[in-house]
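Novice: Model the structure of this input:
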Amino acid sequence: MRMLKHLYVQVLIGLVAGVAVGYAFPDFAVQMKPLGDTFIRLIKMIVTLVIFCTVAIGIARMESLKQVGKVGGKTLIYFEVVTTLALIIGMVVADVMKPGAGMNVDASKLDGSAVNHYVNVSEHSKGFLEQIIPDSVIGAFAQGNLLQVLLFSVLFGVALSLVSQRSAFITKTIEQCGEVLMRIVELIMRLAPLGAFGAIAFTVGKYGLTSLQHLGMLIVCLYITSFLFIGGVLGLICKLVGVNLWRLILYFREELLIVLGTSTTESVLPRLMVKMEKLGCDRAIVGLVLPTGYSFNLDGAAIYLTMTSLFIAQATNTDLTLWQQIGLLLILLLTSKGGAGVAGAALIALTATLATHNIIPLAGITLVLGIDRILNEMRAVTNMIGNVVATLVIARWEKKLDLAQLHEQLRQGPGVITLPEQQNPDTPLTVTQEERSPSQ
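Specialist: Residues are numbered from 1 along each chain as shown. Below is the predicted model:
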């Protein structure tokens, strides 16, 4: 069947099969976890190199370094405004719905040993400047720290721009390396259905379908709030940009299904960069904004952090005054940033937040550990959509967005992302549109 050639159909089949296997054979399903983990590791293996090539070349191709600074400034302002809105919305919904009220948990009787790992990591976390600057460039790439790789990529791109005449050969070489890396990504993505199957089968097999009822109020609140944020805030932003949010979501349906199955946005970053260019966004804008958003524009994580913090407070009968909640919000403005490339980043950020706030019992984190995987699925989906919208906003702001191409692509759909068999080495990476049958 022709439909089975589409990646989103294959991933959807993998997700459905994973849920079925997890429900029917839970013990066997738990053993499928390595399938999802291996797929994610394959993407992580190459994602830092993709970012380096894309960001460095994007900056080197910009008209001037002044433009780089202007785009970077606008990007950070947008990120801060939107993530602050996400934090406030999450806090308001948690205050109104009170998902943790009535649990009456005695914090002194909670076993805090389960969160010791996150406590140790948060206590040893370096300051922001130390965190963003790697001990060595090779170490940043080896550890997969996206924030540090991004810094080096920006510096490298600036240096290429400063010596543009003498760096033509290096620039050309890096651009061609980027094309080869995208070919590797294309090969890895063929395993996406298998990775999604393994990840979702593990989740259902380990926690069961009844896990959707365990602490269900928090799960429902976070999912509904995320949908409201996507449809309300991001939908309004899309309308101002001149984009239909629903069509945008359909355009990225393959990536959304992969993120939903693997619970991580890193698994689709290379594909997102290719498809954003195809939508008419300038390559330099995509290369600078999208990877930066993975550290600074985590809308889903922002909603998660405020809701879980207040959930723990309500569950342990810890009353917070308005000023204490404002203090929590100010702390979250800092702790919610820079978590890209760190395993368990959201839980680490939650631990750092509660430890700094020093009012909500830190041991209360054990209450959400069991359902964190379920929460993480919507958290990752919201993060991804937020960064796609952010890239469109900055591209439109800088007049680097081809609206005619954007609307045409959204109307036609993404097709199949491939590289031509015979490609001129002087030609940049391209994306072709698969022939569509009339029935489609």
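Novice: For D95, give me the pLDDT.
Specialist: For D95, the pLDDT comes out at 90.
Novice: And what about it, helix, strand or coil?
Specialist: What DSSP: H, G, I helix; E, B strand; the rest coil gives for D95 is helix.
Novice: And for it, the neighbour number?
Specialist: When neighbours are counted by other C-beta atoms under 10 Å, D95 registers 15. Quick note: C-beta positions are derived from backbone N, CA and C, even for glycine.
Novice: Would you confirm that it contacts L310?
Specialist: Yes: contact criterion C-beta atoms under 8 Å: D95 and L310 qualify, at 6.6 Å.
Novice: Quickly list what's touching both of the two.
Specialist: Any residue near both D95 and L310 by C-beta atoms under 8 Å, 6 or more residues apart in numbering counts here, and that gives Q325.
Novice: So which residue is dead centre in the protein?
Specialist: Centrality entry for the chain: nearest residue to the mean C-alpha point is T265, 3.7 Å, by C-alpha atoms, centre = their mean.
Novice: can you list the weak-confidence ranges in this structure?
Specialist: 1-6, 8, 61-65, 107-131, 164-165, 207-215, 337-345, 370, 414-440 (pLDDT under 70).
Novice: make it 50
Specialist: Low-confidence segments of the chain (pLDDT under 50): 124-125, 211-214, 340-343, 418-440.
Novice: What separation do you get for V368 and L354?
Specialist: 11 Å (C-beta to C-beta, to the nearest Å).
Novice: do the same with Y251
Specialist: Going from Y251 to L354 by C-beta to C-beta gives 38 Å.
Novice: Neighbour count for those two, which is higher?
Specialist: The neighbour count for Y251 versus L354, taken as other C-beta under 10 Å, is higher for L354 (27 against 23).
Novice: Okay, the more buried one and Q314: tell me how far apart.
Specialist: In terms of C-beta to C-beta, L354 sits 14 Å off from Q314.
Novice: before we move on, what about Q405?
Specialist: Taken as C-beta to C-beta, the span from Q405 to Q314 is 48 Å.
Novice: how far out from the middle of the chain is stretch 247-265?
Specialist: Centroid separation for stretch 247-265 versus its chain: 10 Å, with C-alpha atoms, centre = their mean, to the nearest Å.
Novice: For the helix or strand containing G69, which residues meet the burial criterion?
Specialist: Assigned by DSSP states H and E, G69 falls within helix 65-97. The neighbour-count check on helix 65-97 (16 or more other C-beta atoms under 10 Å) flags 68, 71-72, 75, 78-79, 82-83, 85-87, 89-91, 93-94, 97 as buried.
Novice: Check the offset of it from the chain's centre.
Specialist: Helix 65-97 sits 15 Å away from the centroid of its parent chain (C-alpha atoms, centre = their mean).
Novice: Report all helices and strands that it contacts.
Specialist: The contact analysis (3 or more C-beta pairs under 8 Å, 6 or more residues apart in numbering; DSSP states H and E) places helix 65-97 against helix 146-162, helix 216-228, helix 283-296, helix 299-315, helix 322-335, helix 372-397.
Novice: tell me the angle that helix makes with helix 283-296.
Specialist: 40 degrees (axes from the mean of the first three to the mean of the last three C-alpha atoms, to 10 degrees).
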